[in-house]
Each structure stands twice: as C-alpha cells, then as structure tokens.
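need the 3D shape of this:
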Amino acid sequence: MPSTRAAKDACDLLDADHRNVKKMFKEFEELTQSRARSAAQKKLDLAERICVEVTVHAQIEEEIFYPALREAIKDTDLLDEAEVEHQSAKDLIAQIQGATEPDDKWEAKVKVLGEYIDHHVKEEKNEIFPKARSARKLDLVAMREELEARKEELMADMGMAA
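Take a look at the predicted model:
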C-alpha cells in the first residue's frame, strides 16, 4: 500500500539507516562462511563500517530524535529502553573496535550486536515511529533535515561519507 505522506520524514531516514545496517550484518554473516583469505580483511573492514554507522545513528537519535519525542509524548518508557539498548550496543562496539587482533569471540560480538540492533529496530518501527508520527507537536519532515545534516557532520568527523 503506497504511503499517503508526501515528504519523507525523520522516521523514514532512521528506517533507511536500519535497512542499510541490516544489509551490512547480512553481508558480514556471509563473509563468516567464506574460506577465502580476503574474507578476513573484508570482515574487519565491514565490522568497522557497521560500528561507525551504528554509532552515528545512535548519536543522532540521542541528540535530536529522542529528546524531541520525549517532549511530544507522555509515555517515555520506550525511549528509556531504547537508550539502554543503545548503551549495550556501544559497549559491544567498543569491544569490537578495541580488538587489535580479532579473538575467538570477535565474530560472536559482531553477531550479537546485529541481534541487538535487529531487536531495537523492530521496537522503533512498530512502537516508537508510530508514536512519533501521531505526535502533533513534532515536525518530522524538518527533523529529517536536521538529522541528515548532523549525520553528514558526524560521518565526516569519522572520515566516512554519509
């Protein structure tokens, strides 16, 4: 069923990030099955890209999306839970990025990060985004522009293209 909303909003931007990262986790999983020598370096590079994307995504949600949503809706329990999930993801990201030489548990950490993100994405898509879209005080189209600008800035700071 086509969307009746004309302009893309903040939730659309965040959801596009979700789909992009999910695709990277799938690619990582495929690389773990590969016996090719090049797969090891590709896994390292891809894990780094995943960590950067998730870090930037979490930061723009925490700086812009969640605070605006906190002011616009009454029930903020979901946002508290989302922020705790972000912290768990950040802890795993630190372990993944901190590994100078991937150990036996490195791939497992990337896989678990993917599972955390998958759970988080489902909650945002099914519960948080609908609340955001029904909140009258939120201009999600304008927020999308703010999120995009901040994302580009953060990606540039990390030496990556948005």
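
how about the contacts made by Arg133?
Contacts for Arg133 (Cβ atoms under 8 Å, 6 or more residues apart in numbering) come out as 9, 11, 140. For every residue, glycine as well, the C-beta is placed using N, CA and C.

same thing with Tyr116?
Tyr116 sits next to 85, 88-89, 92 when contact means Cβ under 8 Å, 6+ apart.

so it: helix, strand or coil?
Secondary structure for Tyr116, judged by DSSP: H, G, I helix; E, B strand; the rest coil, is helix.

how far off centre is stretch 11-31?
8 Å (Cα atoms, centre = their mean, to the nearest Å).

what about Leu92, how many residues close to it?
Leu92 has 19 neighbouring residues, counting by other Cβ atoms under 10 Å.

all helices for the protein, in order.
Secondary structure of the chain (DSSP state H): helices at 10-32, 37-60, 66-72, 77-98, 106-123, 129-134, 140-157.

hmm, back to that, any chance of a markdown table for the contacts of Tyr116, columns pLDDT?
Below are the contacts of Tyr116 laid out as a markdown table (pLDDT from 0 to 100):
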| residue | pLDDT |
| --- | --- |
| Glu85 | 93 |
| Ser88 | 95 |
| Ala89 | 96 |
| Leu92 | 96 |
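
what two of these have the greatest distance between them?
Maximum pairwise distance among the contacts of Tyr116 (Cβ to Cβ): 10.9 Å, between Glu85 and Leu92.

per-residue confidence averaged over stretch 126-134?
Summarised as a single mean, pLDDT over stretch 126-134 is 95.
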